[in-house]
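Peer 1: Please work out how this folds:
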Amino acid sequence: GTKSKGVMCLNRGGRTHRVKFYNLMKDYEDRMCLTAPVHPDIDWQNNRLPGDKIESDGIPANDVSVAHPVYDQYAVNVVTETQTDYPSISEKCCKPFIARQIPIIVGNVGVAQFHVDIGFDMFEDLIPWRAWDNQQDENIRLGLIADFVKQWINSGTVLQDYHQVQDRIENNKQYFHSEQFRNLIMKNMPYIDPYKEY
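Peer 2: Predicted structure coming up:
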């Protein structure tokens, strides 16, 4: 699809870093697609994606598939990772590559460099991720990311910047689907015995 909107950030589970990041960004709810993490201190029920389905636990099934129209509409995806213990590639981090978006990952220390190391363009000329990627203090790291996202939204250049790097965005998508990337991931996968009880 054609990207016509700027920044999205989808949240569901109320992990601490998601709650902190949401609280830093909630004043921008009307300027981006921002869903609230499920947390007792946040009015998350009224801040969901249109068409969210309710799962058996009574919580919306937010951010389940890149088939949702929000992925076609938004140019930048601020991914709030599930875990922040170690650098890795996750299903959430893959979605911007599949959906032809610029990723900003709110995750563990070194996560952006990890993605560069496995072959992805993390758009360092647009996203100053080196400023926070090695910041050990989570609060400082989240604050730096939030400040940048707000500044970029305020600049009014998100879509223009996106269109200037569309060839690189397409390269990320093609690389994600490539045999080269598949081989790299499979080579680094631990051996798991499907018949063993863990």
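
Peer 1: And what about the residue nearest the centre of the chain, helix, strand or coil?
Peer 2: Centroid-nearest residue in the chain: residue 79, 1.5 Å away (criterion: C-alpha atoms, centre = their mean). Using DSSP: H, G, I helix; E, B strand; the rest coil, the structure places residue 79 in strand.

Peer 1: Relative to residue 40, how far out is it?
Peer 2: 24 Å (C-beta to C-beta, to the nearest Å). Quick note: C-beta positions are derived from backbone N, CA and C, even for glycine.

Peer 1: who are the neighbours in contact with residue 127?
Peer 2: Residue 127 makes contacts with 102, 104, 112, 148, as judged by C-beta atoms under 8 Å, 6 or more residues apart in numbering.

Peer 1: Three-state assignment for it, please.
Peer 2: coil.

Peer 1: same check, this time on residue 7
Peer 2: Residue 7 ends up strand, using three-state DSSP.

Peer 1: show me the contacts for it.
Peer 2: Contacts of residue 7 (C-beta under 8 Å, 6+ apart): 31-33, 74-78, 149, 152-153, 158.

Peer 1: If the residue nearest to the centre of the chain is in a bridge, with which residues?
Peer 2: residue 105 (DSSP bridges).

Peer 1: Just the pLDDT for it.
Peer 2: On pLDDT, residue 79 comes in at 95.

Peer 1: How much space separates it from residue 149?
Peer 2: Distance from residue 79 to residue 149, by C-beta to C-beta: 12 Å.

Peer 1: what sits in contact with each of these two?
Peer 2: With C-beta under 8 Å, 6+ apart as the test, residue 79 and residue 149 both reach 9, 104.

Peer 1: surely the residue nearest to the centre of the chain meets residue 94?
Peer 2: No - here residue 79 does not reach residue 94: they are 9.3 Å apart, not a contact under C-beta atoms under 8 Å.

Peer 1: Residue 122 reaches residue 114, doesn't it?
Peer 2: No - look at residue 122 against residue 114 with C-beta under 8 Å: they stay out of range, at 9.5 Å.

Peer 1: Let me know the average pLDDT across the helix or strand hosting residue 149.
Peer 2: Residue 149 belongs to helix 138-155 when assigned by DSSP states H and E. Mean pLDDT, helix 138-155: 97.

Peer 1: That one: which residues count as buried?
Peer 2: 138, 141-146, 148-150, 152-153 (16 or more other C-beta atoms under 10 Å).

Peer 1: Ok, stretch 122-142 next?
Peer 2: Result for stretch 122-142 [16+ other C-beta under 10 Å]: buried residues 122-123, 126-127, 129, 132-133, 138, 141-142.

Peer 1: can you check stretch 20-29 too?
Peer 2: Under 16+ other C-beta under 10 Å, the buried positions of stretch 20-29 are 20-25, 28.
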